[in-house]
Structures are given as structure tokens and as C-alpha cells.
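In: Here is a sequence with its predicted model. Questions after.
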Amino acid sequence: MPKKKVSIKPGPMLYPLPAVMVTVGDMEENNIITIAWTGIINTSPPMTYISVKKSRHSHDILSRSREFVINLTTEKTVKATDYVGVKSGRDVDKFKEMSLTPIKADIVKAPMIEEAPINLECKVFEIKELPSHDMFLAEIVAVHIDEDLIDEKGKYCFEDAGLIAFNHGSYYKLSNRKIGGFGYSIMKNKTKKKLAKK
Ligand SMILES: Cc1cc2nc3c(=O)[nH]c(=O)nc-3n(C[C@H](O)[C@H](O)[C@H](O)COP(=O)(O)O)c2cc1C
């Protein structure tokens, strides 16, 4: 029997997505906004985007500064991730309320969140106005990762960061149980054995 499909109203049903905490500001006037409409759009140079509604307090700051930091989110920061996505910086100091620590970035003026295991410093090169959101296209100009995510061989162990995903309105933890690797579907047994020894 073929599986039955139901056609539903078109919507942004691409899941899972990251729900990241984006920081904006200049270390004096700081803010954090949760963003799910984000992704990678180019490898080299690394480029990303965030889509932000004009009504957000962060939109005002971003339009002026044209810089931001993407802070990846974890099981430990999931409550903060939700909070900074439902409260506005116009009304509360989200760093203070969620006990998050702003630390200086290397290149951009926007702060990084110390509690995030991975921080991407971004510089905006284009703002594209779309019907509901403005898309801030940006180059990733620096990346920081927690030291304990680098093993003794220098490998980045992102699977140990406790990263979370956003799936249709809810947050989910990612398992670190690997079920495949890039290109594994066509990998020769000889190569598999060689890799297993490493
Ligand atoms: C999981 C989640 C994802 C969100 N994604 C976006 C997004 O991609 N773009 C956006 O403009 N707002 C998004 N929001 C809403 C903003 O984070 C929210 O309106 C926030 O309070 C704005 O803060 P601000 O006024 O301090 O900038 C999201 C909220 C949540 C909880």
C-alpha cells in the first residue's frame, strides 16, 4: 500500500533548525534575540544570514551596527534561548535576567555569550527586505569554540557540546550517537577500517 500524503497549508516547514541566540550591540547597549530563520549560504568565505522582523528591538540595533554574533544553544541554555525569544530588550536586560555573561568578541563590537560553546562573529554585507522579515546576509569573520571541545588530536568534538534543535515549535536535544558520517554511504571497507584505527 503506498503511504498516504496529506497536502497542508504552505508554511515554513523546514525542520529541524537551529534556534540560536544572536547578540547585538556594543558591550554597553547589548541585546539578545532568538533566531530560527538562519543558515549557511556560502562555504568560502563562510557566509550566513539571519531573518529579523522590523518590529524587533534587535532590528534597530542591527541596522545601525551591521554586526552580530551567533551563539549556539545547548541543553544548559535552552530556557534562556526561549526567554530571549519571548521578551524584548526594550523592556528587560536579557543578559541579567538569564544570568548570561557578555564577553568581548575579537572583531565585532557585539558581545559573545560566554555560556555558548560556539560563537560566530558576523559582519553584515547586505540587507534584503522580504515581506515579513529583513534578511541580514553576513560574512562569518571569526569563530570561537570552548577549549574542551577540542580533543588531544585537535579534532573539534561538536557532538559533545549538548547542542539543541528547534522542530516545529519545540526544542529537542541532539543525541551524540553517530548514525553516519559525510560520505559513509559510498565508503570502501578498506577506508572504513583505516578510519576506525584512527
Ligand atoms: C524559537 C524562536 C525562534 C525565533 N526566531 C525568530 C526569527 O528567526 N526571526 C525573528 O525576527 N524573530 C524570531 N523569534 C522571535 C524573537 O526572538 C522575539 O520576538 C524577541 O522577543 C525579540 O527580541 P527583541 O525585541 O529584544 O529584539 C523567535 C523566537 C523563538 C522563541
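Out: Cool, the structure landed. Residues are numbered from 1 along each chain as shown.
In: Now do the strands in the chain.
Out: 20-25, 30-35, 38-42, 47-52, 67-71, 102-103, 112-113, 118-129, 134-145, 164-167, 170-173 (DSSP state E).
In: what's the closest non-adjacent residue to A80?
Out: In this structure, A80 finds its nearest non-sequential neighbour in M98, 3.9 Å apart by C-beta to C-beta, 6 or more residues apart in numbering. Backbone N, C-alpha and C define where each C-beta goes, glycine included.
In: my read: that neighbour touches V78, true?
Out: No: under the criterion of C-beta atoms under 8 Å, M98 is not in contact with V78, lying 11.0 Å apart.
In: In terms of neighbours, single out the busier of these two.
Out: Taking neighbours as other C-beta atoms under 10 Å, M98 and V78 compare with M98 leading, 20 against 16.
In: how close does the more buried one get to the ligand?
Out: Going from M98 to the ligand by C-beta to the nearest ligand atom, to the nearest Å gives 12 Å.
In: what's near enough to touch P117?
Out: Listed by C-beta atoms under 8 Å, 6 or more residues apart in numbering, the contact set of P117 reads 72, 74, 145-146, 149, 161-163.
In: which non-adjacent residue is nearest the closest residue to the ligand within the chain?
Out: Evaluated by C-beta to the nearest ligand atom, the chain has G85 as its residue closest to the ligand, separated by 2.6 Å. Distances taken as C-beta to C-beta, 6+ apart place T34 nearest to G85, at 2.9 Å, with adjacent residues excluded.
In: Check the residue lying closest to A161 once chain neighbours are set aside and give its pLDDT.
Out: Among residues not flanking A161 along the chain, P117 sits closest, at 4.3 Å (C-beta to C-beta, 6+ apart). At P117, the model reports a pLDDT of 98.
In: Show me which residues of the chain sit near the ligand.
Out: Within the chain, the residues that sit near the ligand (C-beta under 6 Å from any ligand atom) are 19, 31, 33-37, 51-53, 56-58, 82, 85-90, 133, 166.
In: Could you report the pLDDT at F68?
Out: 98.
In: I'd guessed it sits against A110; true?
Out: Yes: between F68 and A110 there is a contact under C-beta under 8 Å: 5.3 Å.
In: the more surrounded of these two?
Out: Taking other C-beta under 10 Å, F68 and A110 do not tie; F68 has more neighbours (30 against 26).
In: Bridged to that one, which residues?
Out: C122 (DSSP bridges).
In: Sketch out the low-pLDDT regions of this structure for me.
Out: The chain contains residues with pLDDT under 70 at 198.
In: From M21, how far out is the residue lying closest to D26 once chain neighbours are set aside?
Out: The shortest distance from D26 to any non-neighbouring residue, by C-beta to C-beta, 6+ apart, is to K109 (4.2 Å). Noted for K109: a distance of 17 Å to M21, by C-beta to C-beta, to the nearest Å.
In: Show me which of the two is the more surrounded one.
Out: The neighbour count for K109 versus M21, taken as other C-beta under 10 Å, is higher for M21 (26 against 17).
In: Test my guess that the more buried one contacts M112.
Out: No: using C-beta under 8 Å, M21 is not in contact with M112, being 10.1 Å away.
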